[in-house]
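K.L.:
Predicted model and sequence follow; I will ask about them next.
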Amino acid sequence: MKIVEISHVSRIYKVGDHEQKALDDVSLELENGKTIVILGPSGAGKSTLLNMLGGLDSPTSGTIKIKGKDISTLNADQLAEYRASGVGFIFQAYNLIPTLTVLENVALVKEIAKDPLSSHDMLREVGLGEHMYKFPVELSGGEQQRVSIARALTKNPDILLCDEPTGALDTETGVMVLKLLQSMAREHGKTTIIVTHNQNIAKMADVVVHVKNGKIKEVINNDKPLAVEEVEW
């Protein structure tokens, strides 16, 4: 089943009298329950594409359908509702509240999600069952990133959007996080979209979307994606 349908999308930013085209007539269809890597150099338009899938930005032209619903026509309140329930965000910055415990950080999303999962269960799922009552400062970088993943999963979203989720982590911890993200698609049916410039991460993807200069240059469907532990890091 197609979960993402992007048709002739462009995004133009105006800076004074200058126009910068971040995305240029992009069309893309993605199937549900896959690990998808959007790959390209800095400034290619990867994060702009991710932000529009997440309802954080809107196209200048074209349409973006998620599960058949055109989110490019939604108003601000409707987009806020979509972000609250339809997507889980995982960024390079963990965005944890330092004065709240791990459990409290994760449980926050239950106030906005329509059909949230158990915060306790999701923390156990990411291997942090014994750290629920610690504060973020007491955790390593990889553990904090896993808290952000648990928070995203607690929303019970259709799509996980990950912008350079391992960029601030060492290799060993990054591999641990990637294994977790890959399992979300393979074992839990979550469509997991990862933006990166790291060619190695693309080897674990079911679909690799190459982006350059605001355009999709190539879409590769990988019949035999590697497990994370099979990739040479």
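P.N.:
Received, thanks.

K.L.:
helix or strand right after the helix or strand of the chain with the lowest mean pLDDT?
P.N.:
None of the helices or strands of the chain scores lower by mean pLDDT, DSSP states H and E than helix 171-186, at a mean of 88. Where DSSP states H and E defines the elements, the next helix or strand beyond helix 171-186 is strand 191-196.

K.L.:
Show me the contact partners of that following strand.
P.N.:
3-4, 30-39, 46-47, 49-50, 53, 158-167, 181-182, 184-185, 201-202, 205 (C-beta atoms under 8 Å, 6 or more residues apart in numbering). Just so you know, the C-beta spots here come from the backbone N, C-alpha and C atoms, and that holds for glycine as well.

K.L.:
Which of these fall in helices?
P.N.:
Among the contacts of strand 191-196, the members found in helices (DSSP state H) are 46-47, 49-50, 53, 181-182, 184-185, 201-202.

K.L.:
Same list (the residues you listed) but as TSV, adding distance to Pro136 and neighbour count.
P.N.:
As requested, the ones in helices among the contacts of strand 191-196 are exported to TSV (distance: C-beta to C-beta, whole Å; neighbours: other C-beta atoms under 10 Å):
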residue	distance to Pro136	neighbour count
Lys46	27	27
Ser47	24	20
Leu49	29	29
Leu50	24	22
Leu53	27	24
Leu181	20	24
Gln182	25	22
Met184	22	22
Ala185	27	22
Ile201	25	26
Ala202	30	23
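
K.L.:
What's the local residue count around His197?
P.N.:
Other residues near His197 come to 15 when the count uses other C-beta atoms under 10 Å.

K.L.:
Phi, psi for the closest residue in space to it that isn't next to it in sequence please.
P.N.:
The shortest distance from His197 to any non-neighbouring residue, by C-beta to C-beta, 6 or more residues apart in numbering, is to Pro41 (5.9 Å). Reported as degrees, to the nearest 10, the phi and psi values for Pro41 are phi -70, psi 170.

K.L.:
Pro41 contacts Gly214, doesn't it?
P.N.:
No. Shown here, Pro41 and Gly214 do not form a contact pair, counting by C-beta atoms under 8 Å, at 11.7 Å.

K.L.:
List the residues that contact the closest residue to Leu139 other than its chain neighbours.
P.N.:
Using C-beta to C-beta, 6+ apart and skipping residues adjacent in sequence, the residue nearest Leu139 is His131, 6.4 Å away. Contacts for His131 (C-beta under 8 Å, 6+ apart) come out as 102, 123, 138-139, 143.

K.L.:
Repeat the analysis, applying 10 Å as the threshold.
P.N.:
Contacts of His131 were listed using C-beta atoms under 10 Å, 6 or more residues apart in numbering, and they are 101-103, 123, 138-139, 143, 146-147.

K.L.:
do you know how far it is from Asp170?
P.N.:
19 Å (C-beta to C-beta, to the nearest Å).

K.L.:
tell me, how many neighbours does the residue nearest to His197 end up with?
P.N.:
Neighbours of Pro41 (other C-beta under 10 Å): 10.

K.L.:
Tell me which residues touch it, please.
P.N.:
So Pro41 contacts 197, 211-213 (C-beta under 10 Å, 6+ apart).

K.L.:
top of these by neighbour count?
P.N.:
Most crowded among the contacts of Pro41, counting by other C-beta under 10 Å, is Val211 at 23 neighbours.

K.L.:
can you tell me how far the one residue sitting closest to the centre of the chain sits from Leu181?
P.N.:
In the chain, the C-alpha nearest the mean C-alpha coordinate belongs to Leu161, at 1.2 Å (C-alpha atoms, centre = their mean). Distance, Leu161 to Leu181, using C-beta to C-beta: 11 Å.
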